[in-house]
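> The sequence isn't on hand, but the structure is:
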């Protein structure tokens, strides 16, 4: 933990000491890097079948419709092998989960 804190402080000192144009470039590349880290952690194929119940339990924990949410989340997890982070939204990191639609064209996955 102390090493991580020292590294964060060093990174902050480095960012503060560089010119503004480079700083803007660095911050945008940092945002892109964080986006790709999210894709690696939550993208397609990142969940094993045995992880689906726990991931869906977390995703559905704040809804009042827990049973249907769990049913469809686990169905989507088995097909797509991913569950987006958070309790709602963030479906962009898992295209299969995001693009699977009902007969009426609504989202299949919670």
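Yep, it's here. Keep in mind that what you see is a predicted model, and the values were worked out from it rather than measured.

> contacts and neighbour counts: CA atoms only from here.
Will do.

> Could I get the pLDDT score of residue 60?
Note on residue 60: pLDDT of 96.

> thought it was touching residue 68?
No. Counting by Cα atoms under 8 Å, residue 60 stays clear of residue 68, with 9.2 Å between them.

> mind listing the helices for the chain?
Secondary structure of the chain by DSSP state H: the helices cover 2-17, 20-42, 52-59, 66-80, 95-99.

> Any idea which of those has the lowest pLDDT on average?
Looking over the helices of the chain, mean pLDDT reaches its minimum on helix 20-42, with a mean of 48.

> Could you give the number of residues near the closest residue to residue 45 other than its chain neighbours?
In space, not counting the residues next to it along the chain, residue 45 is nearest to residue 81; the distance is 4.7 Å by Cα to Cα, 6 or more residues apart in numbering. Neighbour count for residue 81, taken as other Cα atoms under 10 Å: 22.

> so who does residue 81 touch?
Contacts for residue 81 (Cα atoms under 8 Å, 6 or more residues apart in numbering) come out as 44-49, 52.

> quick one: it from residue 104, how far?
The span separating residue 81 from residue 104 equals 24 Å under the rule Cα to Cα, to the nearest Å.
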